[in-house]
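S.K.: Take this sequence and fold it.
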Amino acid sequence: MRFQTDLVPARLTRRYKRFLADCVLEADGREVTAHCANPGSMMGLAEPGTRVWLEPNDDPKKKLKFGWRLVEHADGHFTGVDTSVPNRALKNALMARQLAPFADWPLVRAEVKYGTNSRIDFLLSGAGQPDLYVEVKSVTLSREKGLAEFPDSVTARGAKHLAELADMVARGHRAIMLYLVQRTDAQSVTLAGDIDPAYLAAWQAATSAGVETLCFGTNISPKAIGVGQALPFTL
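M.R.: Purely as a prediction, here's the structure:
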């Protein structure tokens, strides 16, 4: 998935009110405010002075003319911070049937109502097999080299989604919790049970009920983000 416009480098001054970030553009030193499409804590990603990549826009309907898309780490790796990107990138891959675990479901629908006032990220259907419910979570936290973790803050909503996936399995469907890691430096994925013990307990209950877990990495550059290789999940 290519970015709509070329990203521009900047240095982060501060992130505040969750969805706002003040940055200084490298090209001309101008200070701008960018939209931060990430409701999480962004632990380890929002330190002042961090090199970031912003997507400019000229949409008159948007108050902010920049969107924060990437963090560039000192070792040259990238982290994608926009939590809407994984679903868009994954949709492209599912529609093209590029991911082997999902290739047998030709019909892909996004944002389908289910559960209690919820929408499943993707509902996959195919003749002669049960529907497949796929919930997607963006993973950006890493506190140990090579290890990505979810979540980076308490997520009661995430625990609710796991319970609803388990309910779909009880009704005869299949359900997958898919962790899409927006870090190019991750080799494996785990759950941050110390940050949100309730989420870990919900995952364990859902797994016991038959909900499956899959993890994929991403290929990230200032030009585009795409779904990468499968990553191992471990607790």
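
S.K.: Check which residues of the longest strand along the chain are buried.
M.R.: Looking across the chain with DSSP state E, the single longest strand is strand 129-139. Buried residues in strand 129-139, counted by 16 or more other CB atoms under 10 Å: 130, 131, 132, 133, 134, 135, 136, 137, 138, 139. Placement of C-beta: from N, CA and C, glycine included.

S.K.: just curious, which of these is nearest to residue 221?
M.R.: residue 138 (17.5 Å; CB to CB).

S.K.: on contacts alone, who are the packing partners of the longest strand of the chain?
M.R.: Applying 3 or more CB pairs under 8 Å, 6 or more residues apart in numbering; DSSP states H and E, one finds that strand 129-139 contacts helix 85-95, strand 118-126, strand 147-150, helix 156-170, strand 174-181.

S.K.: Give me the domain ranges for the protein.
M.R.: 8-80, 85-230 (automatic domain parsing).

S.K.: Quick one: end-to-end length of the last one, please.
M.R.: Across its full length, domain 85-230 reaches 18 Å between end residues, using CA to CA, to the nearest Å.

S.K.: Tell me which strands the longest strand of the chain pairs with, and in which orientation.
M.R.: strand 118-126 (antiparallel), strand 174-181 (parallel) (DSSP bridges).

S.K.: angle of the worst-scoring helix or strand of the chain on mean pLDDT against strand 118-126?
M.R.: Least confident helix or strand of the chain, by mean pLDDT, DSSP states H and E, is helix 85-95 with a mean of 91. Comparing the axes of helix 85-95 and strand 118-126 via axes from the mean of the first three to the mean of the last three CA atoms, to 10 degrees yields an angle of 20 degrees.

S.K.: Just the buried residues of helix 85-95, please?
M.R.: Result for helix 85-95 [16+ other CB under 10 Å]: buried residues 85, 86, 87, 89, 90, 91, 93, 94.

S.K.: separation between the most centrally placed residue in the chain and residue 152?
M.R.: For the chain, the residue sitting closest to the mean C-alpha position, by CA atoms, centre = their mean, is residue 138 at 1.8 Å. Per CB to CB, to the nearest Å, residue 138 is found 10 Å from residue 152.

S.K.: cool, residue 137 as well?
M.R.: In this view, residue 137 and residue 152 are 11 Å apart by CB to CB.

S.K.: Also residue 25?
M.R.: To residue 152, residue 25 is 27 Å away according to CB to CB.

S.K.: give me the number of residues near residue 5?
M.R.: Residue 5 has 12 neighbours, counted by other CB atoms under 10 Å.

S.K.: Let's verify it: helix, strand, or coil?
M.R.: Three-state assignment for residue 5 (DSSP: H, G, I helix; E, B strand; the rest coil): coil.

S.K.: wait, it sits on residue 54?
M.R.: No: counting by CB atoms under 8 Å, residue 5 does not reach residue 54; the two are 9.9 Å apart.

S.K.: number of nearby residues for residue 178?
M.R.: 20.

S.K.: Specify the beta-bridge partners of it.
M.R.: With DSSP bridges as the rule, residue 178 is bridged to residue 136, residue 214.

S.K.: quick one: contacts for it?
M.R.: Residue 178 sits next to 90, 134, 135, 136, 137, 213, 214, 215, 216 when contact means CB atoms under 8 Å, 6 or more residues apart in numbering.

S.K.: The same query, at a cut-off of 10 Å, please.
M.R.: For residue 178, the contact set (CB atoms under 10 Å, 6 or more residues apart in numbering) comprises 86, 90, 99, 101-102, 121-122, 134-137, 212-216.
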